[in-house]
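**Q** Got a predicted model here, sequence first, then my questions.
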Amino acid sequence: MTATDPSPVPRYPDLLRLDRRNLVVVGAGQGMGRQTSHALAQCGAHVVCVDIDKTRAEEIADEVGGVPWCGDVTREREVERLVAESTAALGGPLSGFVDIVGLAEWVGALDMTEDTWDAQFDICLRHAYLLGRHIGRHLVDSGTQGTMVFIASVHGLTASVRHGAYGAAKAGLISWVRTLGDELGGHGIRVNAIAPGAILTPRLMAANPGETRRNTTSDLIPLGRMGLPMDIASAALFLSCGLSGYVTGQTVVVDGGVTIKDPFPRS
């Protein structure tokens, strides 16, 4: 307390803790999902590690002392099963989730088939609707002031050349986050998204094992490097903990500064 400010000062490191919270990481098996599972568990959360691949779900659950769960979250019955089996395994209500599912199909706008469009909205948006709806209902019914964190993309904020369906789906996800944040705010439920830029995930590194692409891409990034999965996990941790207690309906851009660049740079 000072002479002009009697307000209490919290212990800020305590706001980072997630003790006694039951959190689901969807797409936990590798990359951003694996790092996020570690980040949440290290801060005290009980983590359900969800992956469509049973082996990956079990391996990351073993790493973080979590609960493995295997299923397809683009299907409603599977999401209903996820809620029921997660609460049973953890012995109490869920506190929220981080949803990292998504994959881009590369094809020009004029060559894109209806099947590709539908598949992209399935893998990039449908699960977000299902998780938001069913886990959101669970949080409201249990009276839990929880958190939802979705992984969007900078391509939901900019043009998405040669993967336009992906960008359109991610733009829809960003809108969905705003709507959920508004509708659920009165229940104390916070809903946010992260928009990654170029991230060196295991999938990207496997597809581009050489350094040329990485170095070329990093020349376009103000911070001079591509992002790492831990950069996204750090943002997910922030949005899941008390440090972001007054943040909802927002999309946090984690792109090394790409989207702030002057589109008409002067020499």
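**A** It's in.

**Q** Wait, residue 94 touches residue 87, no?
**A** Yes. Between residue 94 and residue 87 a contact is recorded at 6.2 Å, counting by C-beta atoms under 8 Å. Every residue, glycine included, has its C-beta placed from N, CA and C.

**Q** Give me the more crowded residue out of those two.
**A** residue 94 (22 against 16; other C-beta atoms under 10 Å).

**Q** ranges for the strands of the stretch 51-200 of the chain?
**A** Using DSSP state E, counting those that start in this stretch, the strands of the stretch 51-200 of the chain run over 67-70, 96-99, 147-151, 190-196.

**Q** Now render these as JSON lines, adding mean pLDDT and mean neighbour count.
**A** Listed next are the strands of the stretch 51-200 of the chain as JSON lines, based on pLDDT from 0 to 100; neighbours: other C-beta atoms under 10 Å:
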{"stretch": "strand 67-70", "mean pLDDT": "98", "mean neighbour count": "20"}
{"stretch": "strand 96-99", "mean pLDDT": "98", "mean neighbour count": "28"}
{"stretch": "strand 147-151", "mean pLDDT": "98", "mean neighbour count": "27"}
{"stretch": "strand 190-196", "mean pLDDT": "98", "mean neighbour count": "26"}
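
**Q** follow-up on the earlier one: any residues in contact with both of residue 94 and residue 87?
**A** Taking C-beta atoms under 8 Å, 6 or more residues apart in numbering as the criterion, residue 94 and residue 87 both touch 22, 138.

**Q** buried residues in stretch 67-83?
**A** For stretch 67-83, burial by neighbour count (16 or more other C-beta atoms under 10 Å) applies to 67-71, 73-74, 78-79, 82-83.

**Q** Now distance to residue 48 too, for these, in JSON lines please.
**A** JSON lines is the format used below for those (distance: C-beta to C-beta, whole Å):
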{"residue": "67", "distance to residue 48": "5"}
{"residue": "68", "distance to residue 48": "8"}
{"residue": "69", "distance to residue 48": "5"}
{"residue": "70", "distance to residue 48": "11"}
{"residue": "71", "distance to residue 48": "11"}
{"residue": "73", "distance to residue 48": "12"}
{"residue": "74", "distance to residue 48": "17"}
{"residue": "78", "distance to residue 48": "13"}
{"residue": "79", "distance to residue 48": "13"}
{"residue": "82", "distance to residue 48": "8"}
{"residue": "83", "distance to residue 48": "10"}
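
**Q** Please identify which two of those are farthest apart in space.
**A** Within the buried residues of stretch 67-83, two members stand farthest from each other by C-beta to C-beta: 67 and 74, at 20.8 Å.

**Q** Now do residue 226, the pLDDT please.
**A** In this model, residue 226 is scored at 94, pLDDT.

**Q** That one: neighbour count?
**A** Residue 226 has 21 neighbours, counted by other C-beta under 10 Å.

**Q** And for residue 222?
**A** 11.

**Q** Which residue comes closest to it once chain neighbours are left out?
**A** Once flanking residues are discounted, residue 222 sits nearest to residue 257: 3.3 Å by C-beta to C-beta, 6 or more residues apart in numbering.

**Q** for the buried residues of stretch 67-83, which one is nearest residue 150?
**A** residue 73 (12.1 Å).

**Q** Quick check, that closest one in contact with residue 132.
**A** No. Contact criterion C-beta under 8 Å: residue 73 and residue 132 do not qualify, at 11.3 Å.

**Q** Spell out which residues sit in contact with residue 56, please.
**A** 28-30.

**Q** That one and residue 45, how far apart?
**A** Counting by C-beta to C-beta, to the nearest Å, the gap from residue 56 to residue 45 is 19 Å.

**Q** Check residue 262 too.
**A** In terms of C-beta to C-beta, residue 262 sits 40 Å off from residue 45.

**Q** Please say which of these two ends up with more neighbours.
**A** A direct count of neighbours by other C-beta under 10 Å for residue 262 and residue 45 places residue 45 higher, at 26 against 6.

**Q** got the contact list for the residue lying closest to the more buried one once chain neighbours are set aside?
**A** Sequence neighbours aside, residue 18 is the residue nearest to residue 45 in space, at 3.9 Å (criterion: C-beta to C-beta, 6+ apart). Residue 18 makes contact with 40, 43-45, 95, 240-241 under the criterion C-beta under 8 Å, 6+ apart.
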